[in-house]
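Chemist: Here is a sequence with its predicted model. Questions after.
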Amino acid sequence: MFELEGELFLVLHLMIAGRLHFRERGAKLAKKFGLFALDVSHGSLVLTEAGSKRRASLYVVQGESALTEFDRGGLEPIGSSVDEFEAALRRESHTLKRALTDPSLFSGIGNAYSDEILHRARLSPLALTGSLDREAVARLHAATNAVLVEWTERLRSQTGEGFPEKVTGFPPEMAVHGRYGKPCPVCGSPVQRIVHASNEINYCPRCQTGGRLLADRSLSRLLKQDFPRTLEELEEHKRQRSE
């Protein structure tokens, strides 16, 4: 959200492919990806969005009261108490993955960091919110705060005094997000994933699900009874295919 003179506000959501760049004042927009430029005294803030789907949004509103329309009501997890976190988590019955990425429950977590949080907390992304005991909730709360603070500090340190460019949703330092098939940094097991539409869940079966593989809908339908249920079955399946 950008506050301008006269109680004028710009509300921007980058979604997945939106990016902000800082260019020279009056710089031309790229024909294919350039969507918006805001000239300021010392340069120009440029919005781009790659891909054919235009999901990023920009609203111009007048008056601070108009901003309430964009407040989804989610809890700001950093600095929250365990009780506040638990109340938000249990407000609706969801999987942990869905709960953490629901902006009406938690603010500003999203897909990538929810994968990292659940890995840090050693919890299955498909566990239901109502199934967690108090210790697991406290572990999830601590992991949420730690991951968000650590990544905020890391990204700020990498950027330094400049403007962040080459922003990616798959930083190589992440433990599981975007690392399908690569070794988990904790136990060395291959990271697994569940693909649904344009999103995917990344997790370590040994750290998070007791070695059990979570069913991927498309693969389950394709393989049916041959779908491996554990890491051991997966390794045996790979071995048989290579022979």
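Modeler: Happy to help now that I have it.
Chemist: Off-centre distance for the top helix by length along the chain?
Modeler: Using DSSP state H to define each element, the chain has its longest helix at helix 134-159. How far helix 134-159 lies from its chain's middle: 13 Å, per C-alpha atoms, centre = their mean, to the nearest Å.
Chemist: now swap in stretch 26-45 and tell me
Modeler: Its chain's C-alpha centre and that of stretch 26-45 lie 27 Å apart, by C-alpha atoms, centre = their mean.
Chemist: Look up the closest residue to Ser189, ignoring the ones flanking it.
Modeler: Among residues not flanking Ser189 along the chain, Arg206 sits closest, at 4.2 Å (C-beta to C-beta, 6 or more residues apart in numbering). The C-beta positions use only the backbone N, C-alpha and C, and glycine is treated the same way.
Chemist: Can you list the buried residues in the longest helix of the chain?
Modeler: Neighbour-count burial for helix 134-159 flags 137, 139-141, 143-145, 147-148, 151 (criterion: 16 or more other C-beta atoms under 10 Å).
Chemist: what helices or strands is whatever helix or strand comes next after it leaning on?
Modeler: Remark: after helix 134-159, the chain's next helix or strand is strand 192-196, criterion DSSP states H and E. Judged by 3 or more C-beta pairs under 8 Å, 6 or more residues apart in numbering; DSSP states H and E, strand 192-196 is in contact with strand 199-203, helix 217-223.
Chemist: Next, the angle strand 199-203 makes with strand 192-196.
Modeler: If you take axes from the mean of the first three to the mean of the last three C-alpha atoms, to 10 degrees, strand 192-196 sits at 160 degrees to strand 199-203.
Chemist: Quick one: mean pLDDT for strand 192-196?
Modeler: Averaging pLDDT along strand 192-196 gives 86.
Chemist: still on that earlier bit, confirm the residue nearest to Ser189 sits in a helix?
Modeler: Yes: under DSSP: H, G, I helix; E, B strand; the rest coil, Arg206 falls within a helix.
Chemist: ok, back up a step: the helices and strands packed on strand 192-196: lowest mean pLDDT?
Modeler: helix 217-223 - the lowest mean pLDDT of the helices and strands packed on strand 192-196, at a mean of 46.
Chemist: possible to save the buried residues of helix 134-159 as TSV with pLDDT and distance to Leu128?
Modeler: TSV is the format used below for those (pLDDT from 0 to 100; distance: C-beta to C-beta, whole Å):
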residue	pLDDT	distance to Leu128
Val137	98	13
Arg139	98	16
Leu140	98	13
His141	98	17
Ala143	98	18
Thr144	98	17
Asn145	97	22
Val147	97	21
Leu148	97	23
Trp151	94	26
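Chemist: closest to Leu14 among those?
Modeler: Trp151 (16.3 Å; C-beta to C-beta).
Chemist: lowest average confidence, helix or strand, in the protein?
Modeler: One helix or strand of the chain scores below all others by mean pLDDT, DSSP states H and E: helix 217-223, with a mean of 46.
Chemist: what about Gly188, neighbour count?
Modeler: If you count neighbours by other C-beta atoms under 10 Å, Gly188 ends up with 9.
Chemist: Relative to Arg154, how far out is it?
Modeler: Noted for Gly188: a distance of 23 Å to Arg154, by C-beta to C-beta, to the nearest Å.
Chemist: Surely Glu200 and Ile194 touch.
Modeler: Yes: Glu200 is in contact with Ile194 according to C-beta atoms under 8 Å; the separation is 6.4 Å.
Chemist: Settle it for me: which of the two has more neighbours?
Modeler: Ile194 (20 against 15).
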